[in-house]
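> Fold the following.
(chains A and B)
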Amino acid sequence: MRWTFKNDFVEPLPELVLLLGVVEVGSHNFLGQGTADQFSNLTWNLDVLILIFVAIAGVMSYSLALEKGQVVQQFLSLRISRAKFAALKWASLFVIFVLFILLLDFIAFFLYLGYFPTFGSYARWADAPALSFLIMIGEQLVLLAFLNSLVMAISFGIRRTTVSLLVFLAFTLFTAGYLSFGSAIIPEYLQLGYGDYLIVNSFSTYVFNMLYRPAALALASAPDITDYLALAYRVISAVVLFFAGLALLVRADLD
Amino acid sequence: MLVLFVIGLGLVIGAQITPGATSTSSRPPNVSQPDIYFLIPTTASIGISTLNGTASLIVSQINGDLTSAPPIVNVSVVQKDIVTFVVPTRGYYSVEFLERNGIPAAVTYSLTIGGQPFDATLAGAIVLVVGLVGVTLTAVMDRRRSNTQNARNDTPTH
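Take a look at the predicted model:
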């Protein structure tokens, strides 16, 4: 992981993205809204920043490293198979992305909650922000796995840095809620950002009701099929693209 | 240390560009549940549009165990009054209007809160300074280490 961070992350990209992320997280005044809404919206608010960060870092780690011959050098020097190398690379990038987003999440946690919750009175909280926060983190893990697998598959498939970057950005930004909201082509629940908001919002409401409210009310607030589809799209795509990326690297002619 | 510096800078900038916000509420009489708001520490004001007679405006912070802290605002108001106060800390606050007999009054009011929260600005400034000191110390130590290494390399060996 340290190797990946030192070699594939060009300074000052991580610092710049972190700065913009903290400014975005810290510049909200949410009078009249519950803090649970803020946590449901957080991934959506950070969406474009996450996409650009994953695009640049991912393409540099997979595609540029492949072009420069660093990938071959690495798995030969480590004496591991191509598949194992790609899996390790994917895992180290995933951990870096998660650490980065967790840092922003915890800054948001302190700013949006104001004080630490007293869990004895938790059931009476109107908006259950801590539960929404935990579900948001789980959803972000799925989103980052999906984006990481996508950039790996594109990079190992195209194997040209600039083209890979453009294809990844074109696909992700086109399917992001900011740009395609209301589009007839892409359903809202599949859009990046807005789909993430729907998942966190519906599942946190449902889990809160299941824990603290009568069963009939909890059932009435069960997530729609579209919420499950949005989640399944991210999970299944992450797995399929991960194995596609592995297969592309294993079969690639690297001479 | 550079991460601390960046986080501090981000918090300060974020706090400075935090916009103000306004929320309007129209409350029927005898509703015992007060309005709850999440307020950031800055200057806030409550403007009363409609109110019959006189009422006590009470603003209290809600503690973590859902008990009410002593009120930060407890004044008598009439229609068209504007009450300005400073929010001491970030958190949930209740706003209620009570008639003389303690019954909640029918009222329409607007709560306006400014931007630039004090706490995020202060916390950001502290983190920024700690990060800056750390970055500077690290750079100085690296330079000293480098100078020592160069001096050792330049020393002739016999």
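> contacts, neighbours, all on C-alpha from now
Will do.
> tell me the pLDDT at B:Pro156?
Reported pLDDT at B:Pro156 in the predicted model: 68.
> same question, A:Gly69
pLDDT at A:Gly69 comes out at 78.
> Could you measure from it over to chain B?
31 Å (CA to the nearest CA, to the nearest Å).
> can you give me phi and psi for that residue?
phi 90, psi 10 (degrees, to the nearest 10).
> Repeat that for the one 3 residues further on.
Per-residue torsions, A:Val72: phi -60, psi -40 (degrees, to the nearest 10).
> Repeat that for B:Gly91.
Dihedral pair for B:Gly91: phi 160, psi -170, per degrees, to the nearest 10.
> Am I right that B:Phe97 falls within a helix?
No. Assigned with DSSP: H, G, I helix; E, B strand; the rest coil, B:Phe97 falls outside any helix and is strand.
> Let me know the secondary structure of the closest residue to it other than its chain neighbours.
Residue nearest to B:Phe97 in three dimensions, not counting chain neighbours: B:Leu57, with 4.7 Å by CA to CA, 6 or more residues apart in numbering or on different chains. Reducing the assignment at B:Leu57 to three states with three-state DSSP gives strand.
> Name whatever forms a beta bridge with B:Leu57.
B:Val75, B:Phe97 (DSSP bridges).
> quick one: low-confidence ranges for the stretch 51-200 of chain A?
A:115-128, A:180-184 (pLDDT under 70).
> how about a cut-off of 50?
By pLDDT under 50, the low-scoring segments of the stretch 51-200 of chain A are A:126.
> Chain B too?
In chain B, no residues with pLDDT under 50.
> Break down it into its helices, ranges please.
B:2-16, B:118-154 (DSSP state H).
> how deep is whichever residue of the stretch 51-200 of chain A sits closest to chain B tucked in, by neighbour count?
Nearest residue of the stretch 51-200 of chain A to chain B (CA to the nearest CA) works out as A:Gly114 at 4.7 Å. A:Gly114: 18 surrounding residues under other CA atoms under 10 Å in any protein chain shown.
> and chain B, which residues reach chain A?
Within chain B, the positions near chain A by CA under 8 Å from any CA of the partner chain are B:3, B:6-7, B:9-11, B:13-23, B:36-40, B:64-66, B:89-92, B:113, B:115, B:120.
> Distance from the chain centre to the lengthiest helix in chain A, please.
For chain A, the longest helix by residue count, based on DSSP H, is helix A:82-113. Helix A:82-113 sits 9 Å away from the centroid of its parent chain (CA atoms, centre = their mean, to the nearest Å).
> now the helices: where do they sit in the stretch 51-200 of chain A?
A:65-67, A:70-77, A:82-113, A:129-158, A:161-174, A:177-180, A:194-212 (DSSP state H, counting those that start in this stretch).
> of all these, which lies closest to A:Tyr228?
Within those, the stretch nearest A:Tyr228 is helix A:194-212; the backing value is 7.9 Å (CA to CA).
> Can you give me the buried ones in the closest one?
A:194-210 (16 or more other CA atoms under 10 Å in any protein chain shown).
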